[in-house]
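Engineer: need the 3D shape of this:
(chains A and B)
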Amino acid sequence: MLETGATVTSADPHAAAANAQEARAKQQIDELIYAHRNPDGTFSGSGPFQIKTWGKEAVLAANENYDQGRPFVDEVDIRMGRALKDRLIDLQLGKADIAEIPAAQARGAAASGIQVSRSQPDELIALVFNAKGPAANDRRIREAVASTIDRAAIVNFILQKDGEPAGGLLPQWSSGTAFLFSTAADPGHAKELWSQIPAPPTISLGYDSGDSQEQAIAERIEVNAQGAGIPIALQAIPAGVAIPGADARLMRLRMPSAIPQAALAHLLGVLNPIAGLSTGGDALTDSAGPQQIYDAESSVVRSFSVVPIAWIPQVYGLSARVRDWSAPGPGETWPLADVWLDNMDAQPQKGSS
Amino acid sequence: MTFRSKLFWLFTAALVFSIALIAAGVTVVARKAFTENNAQHTDALVAQFQHEFERRGQDVARRVQGIANADRTVRMAIALARPNADASVYVDDAQGVSRSYHLDILDFVGDDGSIISSAEYPARFGYKLPWIKSLTTGKTLDWVAQGPLLMKIDTQKGAAVGLLAISTVRVGDKNLYIVGGERLGKEFLGSLVLPVGMRALLYLNLTPKFDPANLVDERGPIQEAQRFERFIQREQKQATDQTFSVKWTSDPKSAEVFHELPLRGRDSDLLGILLVGSSQREVVILERRIQALAAAAVVVGLLIALLLSWWGAARVTQPIRQLAQGARAVSEGNWDTRVSVRGGDEVGQLAGAFNQMTRQLADQRERLLQAERVAAWREVARRLAHELKNPLFPLQTTVENLRRAKEQNPGQFEEVFRESTGILLAEIENLKAIVGRFSDFAKMPQPELGPVNVNDVIRSVVKLFEAQFGAAGRPAITPELHLEENLPPIQADQTLLHRAIENLVLNAVDAMPAGGVLMLRTTHQNGRVNLEVSDTGSGLTPEECDRLFTPYYTTKQHGTGLGLAIVQSVVSDHGGRISVESESGVGTSVHVELPSQPPQNSRPLATVEAKNSIEAASSSGESKKEG
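Structural biologist: Sure thing, here's the model as predicted:
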């Protein structure tokens, strides 16, 4: 059994997903079912699994005719929209073999005996200023807020060291230039900048109301900013809502590809409509070199319209019998076709995997 | 206003005042008693709160100590005491532990004062609590012995006031501080057990100025918190126990009395104000009941007072009224009036004295009448003797002359006889005249009333005397008439009036043997006709004036003393008044006042009044009264 927080309710896996998480889950399932993706984006051929049932739980059965060999498991029971605490409990009780868990809980899960599988940090948590917000018009305001953020504390305490402070729009493992962007807080500089603001506003900071990790990071940003005398008002925003009037909001940005040009172009394409960036994703071609990538990143980062905070990996909790699972990197499919289960006493109470 | 009415209102006022005073006194005493009772309730509540506060603090301290003693906390302290300890592992611990121990506030604080984990402010990890190190610098504090304390704390939702207890876990030379507590707020107030009609409000003194949002009751921020602004501000300036009242509506029953209890922190700073409110509803209702009862008592008392006052005044004034009636009867001449004597009090004594007075008055009057009667008879006898003696002497002389002539000179007897019989007849005629005048006075007729013009009567009298005024061989008398025109006629007996005026004119003429001016004046006023007859004679003495109208009193050699007595009798019979003014060397004036219509039965009354109304004013004089 595999548990995920995404909810894909449509029987048709091609149906549009409600958000990015659902879209990723849909894509994963698609790629488990279809082997190939055509240049136009459509799928062709047969994948390692076939849909057996679709409802609250999706059951994928092994494709006996898969051209790269039948998967080791007979069936994969995918339970979607599972709450976070339930996923951990299911793992601990042996009701699930694989579950997506937040990076911040990886340490705790590992301490409780659960195998933890991490991907490369491929999800960026960033503070994105709303180009239409009044506070975002003054670069000093954005820079002052950015200078107060103690990224190390966020990574060490909130993310429990499962992640790394982010200075650029791409992780170090992808671009190789992330170390050139500073991640240190400078409250003194922030105070100096803030003192230059003629009529200091209160910055409204939105976060996903259903994401406790975002809430914790937002609260920490508020504490950091208040330490520098910058008033911040937190605003919980329902999932799926862009930025309803907030000056800024926290966003999770997943790299779609390990290729830096493609990943950065994608990120800029997502951020540009919100933050009103001067550098669009179209400027980057597949052949763009490291300097061009750096320049593009630098242009965005130094505008302080997007303030990278941390890179976090995809973290999966695994039951003790799961073998040969490796967390998928950007653009990769769940390696369910390669997973096999050790013959142990601990059997999931439900599911046939 | 009668004496009875005065007594009645006096009694009524005294009773009403007494009842009102009692009612007011009862109201004041009741209010005072309720105020004291209320104060005792408030004191009890404040004491209860303080007890609850201490109990809650001890409970908090016990729970915090329990956290410190827990294995997990000890392991945390051991781990953090190691070099390069990773505190991030414990960043979420405080939230879970605080829920387990039912604490609103829980902070795990490292040896350097940095927050490792915070339940009330999770994002504040890594920040330092400066006060915790300042408290422990240079010494080790026994936090349990220190006891709970009130402190202002920062939370994710803003500043708050907490009842905190601090415990430590010491590993080696490093401390792990556990700061736990409960937040003062609506939940805390909700846990207080209050008597019916009382409530507790809490103002958290988190801002320099009054903030309505910081004033809460057990349900949260209260309505119309602005009403407390000036009291809170007063408490902020001088934090002492104070009491004030808040009237929520115009109805006094809505009033609430609040007792302020300042809540101080570790440095005696004012962190909060507990307001213990007591509804005045029951007090006002009871006060109104008392006032209604008092009003009813006043009304009933007033009615009773009216009845009692009426009865009492009647009882008290009855003898006095009898006395007044008796006095009035005496004044009307009823000398035999007596009043009943009841009891021996002052009024009874007064009635006895009144009766004794009337008895004595009657006796004295009787004696006076007898004396007057005797005196009158004596005067009559004297006058008769005087009047009769004068003619008798010539009679005796004439008879003796006749006898002497018969014996000594018979030849001339015939001539003497003729002369003597002539003299005897003349004197006998004189005696008859004297007897006739007395007879006339005794037979004064009843006046026969008819319209009379006084001016005409005066002119008629003056015409009779015209020959005498200018008689030869006698000093002239000049009559002057000042008669008012349009003098209204009066009802009178013209003959009697003529006789009276004639006597007055005759007296005036006799008073002026050396001549002079005779003045007659008439005026009228208020329906009465005034007549004045004045002479320019030598005037009268006061003694003469006093006796002027006494019958048979005269100052003239040949007067009978009946002239002015007749005048007085006529004036009295017409209901008028007569008075005399005389001044030595100037003359005498007689004033007569006659009503236009004599009163019924005027004769006896007029006689009395005429006597009483005699006024005599004379310095000295020798004017003679003609009889």
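Engineer: and for B:T207, nearest residue in space, chain neighbours not counted?
Structural biologist: Nearest non-adjacent residue to B:T207, counting by Cβ to Cβ, 6 or more residues apart in numbering or on different chains: B:N214, 7.0 Å away. Using the backbone N, CA and C atoms, a C-beta is placed for each residue, glycine as well.
Engineer: tally up the residues packed near that neighbour, please.
Structural biologist: 22 (other Cβ atoms under 10 Å in any protein chain shown).
Engineer: what does B:D112 give?
Structural biologist: 10.
Engineer: three-state assignment of it?
Structural biologist: coil (DSSP: H, G, I helix; E, B strand; the rest coil).
Engineer: where does it sit relative to B:K128, distance-wise?
Structural biologist: 7 Å (Cβ to Cβ, to the nearest Å).
Engineer: before we move on, what about B:D510?
Structural biologist: 143 Å.
Engineer: which one's more surrounded, those two?
Structural biologist: B:D510 (18 against 14).
Engineer: shaky segments in chain B?
Structural biologist: By pLDDT under 70, the weakly predicted segments of chain B are B:133-146, B:239, B:551-552, B:557-560, B:600-627.
Engineer: what's the first helix or strand after the host helix or strand of A:R252?
Structural biologist: A:R252 is part of strand A:248-254, with elements assigned from DSSP states H and E. Next helix or strand after strand A:248-254 toward the C-terminus (DSSP H and E): helix A:260-275.
Engineer: got the CA positions of that following helix in PDB?
Structural biologist: Below are the C-alpha coordinates for helix A:260-275, written out as PDB (Å, rounded to 0.1, in the frame of the first residue of the first chain):
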ATOM      1  CA  PRO A 260      18.700  23.300 -14.200                       C
ATOM      2  CA  GLN A 261      17.600  25.200 -17.300                       C
ATOM      3  CA  ALA A 262      14.300  23.400 -17.500                       C
ATOM      4  CA  ALA A 263      13.700  23.700 -13.700                       C
ATOM      5  CA  LEU A 264      14.500  27.400 -13.600                       C
ATOM      6  CA  ALA A 265      12.400  28.100 -16.600                       C
ATOM      7  CA  HIS A 266       9.500  26.300 -15.000                       C
ATOM      8  CA  LEU A 267      10.000  28.100 -11.700                       C
ATOM      9  CA  LEU A 268      10.200  31.500 -13.400                       C
ATOM     10  CA  GLY A 269       7.200  30.700 -15.400                       C
ATOM     11  CA  VAL A 270       5.200  30.000 -12.300                       C
ATOM     12  CA  LEU A 271       6.500  32.900 -10.300                       C
ATOM     13  CA  ASN A 272       6.400  35.600 -13.000                       C
ATOM     14  CA  PRO A 273       2.600  36.100 -13.000                       C
ATOM     15  CA  ILE A 274       2.600  36.500  -9.200                       C
ATOM     16  CA  ALA A 275       5.800  38.400  -8.500                       C
END
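Engineer: ok, and what's touching it?
Structural biologist: A:124, A:126, A:128-131, A:136, A:169-170, A:174-175, A:242-243, A:251, A:253, A:255-257, A:277, A:279-288, A:293, A:296-297, A:300, A:305-306, A:330 (Cβ atoms under 8 Å, 6 or more residues apart in numbering or on different chains).
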